[in-house]
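> Structure, please.
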Amino acid sequence: MSSTNGPASRNRRTVPTQLAAILAGVTEATIRKWASRGKLTRHGRPGRAEYDIDELYELVVEPGSRNAWS
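The predicted model follows:
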């Protein structure tokens, strides 16, 4: 997990694609697809995609659902 520097992203906690997929319970391809469709913001530098944990949480968690986030 990394924390991005800069005023706009001071509190952003990001994880690489593989960990984002594990946390969300989906494949890495799904994470990349969500990012390409605008459902999830891709951070990081070229060749190293990272995703915000809080944004991923908001996308995956539904009220009353049972999953790894509950």
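> in the protein, which ranges drop under the pLDDT threshold?
For the chain, the stretches flagged by pLDDT under 70 are 1-10, 62-70.
> just the strands in the protein please.
Under the criterion DSSP state E, the chain contains strands at 2-3, 13-16, 42-45, 48-52.
> Distance to residue 26 added to these, as a markdown table?
No exception for glycine: its C-beta is placed from N, CA and C like everyone else's. Listed next are the strands of the chain as a markdown table, based on distance: least, Cβ to Cβ, whole Å:
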| stretch | distance to residue 26 |
| --- | --- |
| strand 2-3 | 21 |
| strand 13-16 | 13 |
| strand 42-45 | 15 |
| strand 48-52 | 12 |
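> centroid residue for the chain?
The centroid of the chain falls nearest to residue 51 when counting by Cα atoms, centre = their mean (3.4 Å).
> and it, how far is that from residue 23?
Note on residue 51: its distance to residue 23, by Cβ to Cβ, to the nearest Å, is 9 Å.
> hey, what's in contact with both of these two?
Residues touching both residue 51 and residue 23 (Cβ atoms under 8 Å, 6 or more residues apart in numbering): residue 15.
> measure stretch 34-49 end to end?
Distance across stretch 34-49, first residue to last, is 13 Å (Cα to Cα, to the nearest Å).
> go on, stretch 25-40?
Rule used - Cα to Cα; the end-to-end distance of stretch 25-40 is 15 Å.
> How about the contacts made by the residue nearest to the centre of the chain?
Counting by Cβ under 8 Å, 6+ apart, residue 51 touches 14-17, 20, 31, 35, 40-43.
> which of those residues count as buried?
14-17, 20, 31, 35, 40, 42-43 (16 or more other Cβ atoms under 10 Å).
> just to revisit the earlier point, please name the bridge partners of the residue nearest to the centre of the chain.
Judged by DSSP bridges, the bridge partners of residue 51 are residue 15, residue 42.
> Quick one, which of the strands of the chain gets closest to residue 60.
Of all these, it is strand 48-52 that lies closest to residue 60, at 11.1 Å by Cβ to Cβ.
> So for that closest one, what gets flagged as buried?
By neighbour count on 16+ other Cβ under 10 Å, the buried set for strand 48-52 is 49-52.
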